[in-house]
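In: here's a sequence, model it:
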Amino acid sequence: MAENQKLNLTMLCDFYELTMIQGYFANGYADRITYFDLFFRRCPDEAGFAIAAGLEQIVQYIQDLHFSQEDIAYLRRRGIFSEEFLDYLAQFRFTGDIWAVPEGTPIFPKEPIITVRAPAAQAQLIETFLLLSINHQSLIATKANRVVRAAEGRTVLEFGSRRAQGADAAILGARAAYIGGCHGTACTISDQLYGVRAGGTMAHAWVQMFDSEYEAFKAYVQMYPDNATLLVDTYDTLRSGVPNAIRVFNEVLRPRGITKCGIRLDSGDMTYLTKQARRMLDEAGWTECKISVSNSLDEYIIRDVLRQGAQIDLFGVGERLITARSEPIFGGVYKLAAVEENDGTIVPRIKISENVGKITNPHYKKLYRFFANDSGKALADYLTVYDETVDDTRDLVIFDPDATWKTKRISNFTAKELQVPIFQGGKLVYDLPKLEDIRSYCAQQVNSLWDEVKRFDNPQTYYVDLSQKLWDIKYGLLRRNGK
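Out: Prediction:
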């Protein structure tokens with residue numbers, strides 16, 4: 001894990017977290033054990049799935065959760081917090097349990113990405129940071145995975161730092177994009193902090209700085225002969241840029257026996273220009289020269305130009321990836337699912353809404369994923385009450401919780417619990433994986449999904465079903481409340 005800035009983010013919370021936990025403190029609820037779920041209701045871009053990301057930053061946050069003297073002094077100046085409560089905050093630490101779906105896992109609506117079991121004050125305070133971390137990085141990882149899949153095995157680099165909404169969005173966005181499948185980034189500090197390989201060559205300013213395009217290209221290739229990628233669209237791609245690139249490659253690289261080189265286009269009709277550039281390079285003997293493109297790309301543009309026969313080896317994707325421009329909100333929420341009585345009894349809680357999509361799944365739960373033993377493909381996800389186990393040696397009939405007459409018999413499958421323990425009693429019990437391992441895991445897990453679920457348009461619905469016991473509890477609570 002990369003060394004990160006030592007910044008206390010405890011006060012990065014909504015102000016009502018503080019007013020609520022003072023209320024819990026005053027009414028004797030601060031230490032009451034609660035269960036909260038972090039989940040989302042709908043995939044961005046109407047996609048079939050999303051990618052979980054942001055857990056490592058949550059671990060760092062929880063480990064350093066405390067109120068400094070400066071924090072206490074600020075709260076005292078607000079004039080609404082009692083001295084007894086401020087004394088309580090001065091000793092504040094996280095002592096609860098957290099379970100989470102590992103980063104890089106495909107996730108689906110209404111299933112818990114993170115479950116928190118902790119005293120009410122602690123569980124409530126961490127809501128904002130958990131949501132912002134999961135919402136942001138899961139959004140970017142999901143978008144990146146779509147872009148990478150559209151590229152069909154070609155290299156994709158994240159180029160969006162200058163268009164990101166702030167420094168953290170650029171740095172952690174590059175990290176999330178790497179988890180989603182990007183091969184690297186233009187953001188240097190993301191390489192320094194997280195090991196997301198940073199790279200780049202030149203901007204148009206380099207070409208304009210010299211008296212001629214040829215001189216600019218030659219100076220660059222002489223300086224970086226092993227990384228010679230030339231930006232060929234400053235003046236005229238086909239009449240000037242590509243011919244000058246070929247000339248310089250012939251003069252500088254060929255005598256050294258170097259065949260690795262590249263050109264980049266940042267404007268124009270990518271399909272037409274790359275086809276023509278490929279023909280010119282091949283005719284000149286530079287068949288190994290790679291062609292890269294950038295300029296406001298997304299998964300749909302990439303898919304279309306490849307279908308049209310564009311000759312592209314590498315995509316640099318910027319603003320539409322780092323901002324998830326097509327749908328820049330992930331929509332994760334954090335809801336109370338249960339409370340624990342003094343005798344250890346767990347009492348389910350439910351949020352009811354006239355908007356049916358906002359009704360929550362109550363109780364302390366387990367999340368399973370069923371994999372077919374013959375194909376290795378994911379069949380469905382399954383929510384149970386915490387004390388249930390799934391016997392995957394026997395057939396299981398599952399049903400759509402929103403349309404219970406839709407049933408499916410699952411056989412010859414393996415049931416895997418998706419959430420893993422992260423903190424137990426306030427202690428970290430999870431070994432944070434290397435970023436490269438998260439990225440590889442993500443690719444493997446996405447590959448376990450059926451192609452129908454991975455479609456960009458009208459993907460097949462992947463079901464998150466409830467066990468009979470959990471369904472009975474949920475609808476019992478609804479009936480009890482007159483629904």
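In: now stretch 462-473: how far from the chain's centre is it?
Out: Between the centre of stretch 462-473 and the centre of its chain there are 26 Å (C-alpha atoms, centre = their mean, to the nearest Å).
In: just stretch 144-155 next, same as before
Out: Distance of stretch 144-155 from its chain centroid, counting by C-alpha atoms, centre = their mean, is 15 Å.
In: buried stuff in it?
Out: Residues of stretch 144-155 classed as buried: Ala144, Asn145, Arg146, Val147, Val148, Arg149, Ala150, Ala151, Arg154, Thr155 (neighbour count, 16 or more other C-beta atoms under 10 Å). C-betas here are computed from N, CA, C, even on glycine.
In: hmm, who's touching that stretch?
Out: Residues from elsewhere that reach stretch 144-155 (C-beta atoms under 8 Å, 6 or more residues apart in numbering): 45, 47, 51, 156, 158, 176-183, 292, 297-300, 302-303, 306, 312-315, 317, 321, 442, 446, 454, 456.
In: for Tyr475, see how far away Ile352 is.
Out: 11 Å (C-beta to C-beta, to the nearest Å).
In: now do the shared contacts for these two.
Out: With contacts taken as C-beta under 8 Å, 6+ apart, Ile352 and Tyr475 have no neighbour in common.
In: quick check, central residue of this protein?
Out: Closest to where the C-alpha atoms of the chain average out (C-alpha atoms, centre = their mean) is Ser138, at 2.5 Å.
In: read off the pLDDT value for Pro401.
Out: Confidence at Pro401, expressed as pLDDT, is 88.
In: and the chain, what are its domain boundaries?
Out: The chain breaks down by automatic domain parsing into domains covering 15-140+328-480, 201-314.
In: just give me how far the top helix by length along the chain sits from the chain centre.
Out: Secondary structure of the chain per DSSP state H: the longest helix is helix 127-150. Distance, stretch centre to chain centre, for helix 127-150: 3 Å (C-alpha atoms, centre = their mean).
In: quick one, what contacts Ala203?
Out: Leu231.
In: need the pLDDT of it.
Out: Listed pLDDT for Ala203 reads 95.
In: the stretch 251-400 of the chain: strands as residue ranges?
Out: Counting by DSSP state E, counting those that start in this stretch, the stretch 251-400 of the chain has these strands, from start to end: 262-265, 290-293, 314-317, 332-340, 346-348, 365-372, 378-385, 396-400.
In: now for this structure, the helix or strand with the poorest mean pLDDT.
Out: The weakest-scoring helix or strand in the chain, judged by mean pLDDT, DSSP states H and E, is strand 403-410 (a mean of 91).
In: can you tell me how far Ala100 is from Ile312?
Out: Using C-beta to C-beta, Ala100 is found at 37 Å from Ile312.
In: tell me which of the two has more neighbours.
Out: Taking other C-beta atoms under 10 Å, Ala100 and Ile312 do not tie; Ala100 has more neighbours (26 against 23).
In: do a quick rundown of the helices in the stretch 1-150 of the chain.
Out: Ranges of helices in the stretch 1-150 of the chain, per DSSP state H, counting those that start in this stretch, are 15-26, 55-63, 69-78, 83-90, 120-125, 127-150.
In: what's the closest of the ones you listed to Gly344?
Out: Nearest of those to Gly344, taken as C-beta to C-beta: helix 120-125 at 16.2 Å.
In: what helices and strands are in contact with the closest one?
Out: Applying 3 or more C-beta pairs under 8 Å, 6 or more residues apart in numbering; DSSP states H and E, we find helix 120-125 packed against helix 15-26, strand 33-40.
In: now for the last one, which elements pack on it?
Out: Applying 3+ C-beta pairs under 8 Å, 6+ apart, one finds that strand 33-40 makes contact with strand 114-119, helix 120-125, helix 127-150, strand 332-340.
In: and with 10 Å instead?
Out: Applying 3 or more C-beta pairs under 10 Å, 6 or more residues apart in numbering; DSSP states H and E, we find strand 33-40 packed against strand 97-100, strand 114-119, helix 120-125, helix 127-150, strand 332-340, strand 346-348, strand 365-372.
In: make JSON lines out of these and add distance to Leu172 and mean pLDDT.
Out: Shown next, in JSON lines, are the helices and strands packed on strand 33-40 (distance: least, C-beta to C-beta, whole Å; pLDDT from 0 to 100):
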{"stretch": "strand 97-100", "distance to Leu172": "17", "mean pLDDT": "98"}
{"stretch": "strand 114-119", "distance to Leu172": "17", "mean pLDDT": "98"}
{"stretch": "helix 120-125", "distance to Leu172": "21", "mean pLDDT": "98"}
{"stretch": "helix 127-150", "distance to Leu172": "6", "mean pLDDT": "98"}
{"stretch": "strand 332-340", "distance to Leu172": "15", "mean pLDDT": "97"}
{"stretch": "strand 346-348", "distance to Leu172": "35", "mean pLDDT": "96"}
{"stretch": "strand 365-372", "distance to Leu172": "25", "mean pLDDT": "98"}
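In: between those, which gets nearest to Gln57?
Out: Among the helices and strands packed on strand 33-40, helix 127-150 sits nearest to Gln57 (C-beta to C-beta), with 4.8 Å.
In: quick one: work out the angle between that closest one and strand 114-119.
Out: Orientation check (axes from the mean of the first three to the mean of the last three C-alpha atoms, to 10 degrees): helix 127-150 against strand 114-119 gives 170 degrees.
In: CA-only coordinates of helix 127-150 in CSV, if you can.
Out: Taking C-alpha atoms only, helix 127-150 is exported to CSV below (Å, rounded to 0.1, in the frame of the first residue of the first chain):
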residue,chain,number,x,y,z
GLU,A,127,-21.5,7.4,6.7
THR,A,128,-20.3,10.4,4.6
PHE,A,129,-16.8,9.2,4.1
LEU,A,130,-17.9,5.6,3.3
LEU,A,131,-20.3,6.9,0.7
LEU,A,132,-18.0,9.4,-1.0
SER,A,133,-15.2,6.8,-1.2
ILE,A,134,-17.4,4.0,-2.6
ASN,A,135,-19.5,6.3,-4.8
HIS,A,136,-16.6,8.0,-6.5
GLN,A,137,-14.2,5.2,-7.1
SER,A,138,-16.9,2.6,-8.0
LEU,A,139,-18.3,5.1,-10.5
ILE,A,140,-14.9,5.6,-12.2
ALA,A,141,-14.0,1.9,-12.1
THR,A,142,-17.3,1.0,-13.7
LYS,A,143,-16.9,3.6,-16.5
ALA,A,144,-13.3,2.5,-17.1
ASN,A,145,-14.4,-1.2,-17.3
ARG,A,146,-16.9,-0.2,-20.0
VAL,A,147,-14.3,1.7,-22.0
VAL,A,148,-11.8,-1.1,-21.7
ARG,A,149,-14.3,-3.7,-22.9
ALA,A,150,-15.2,-1.5,-25.8
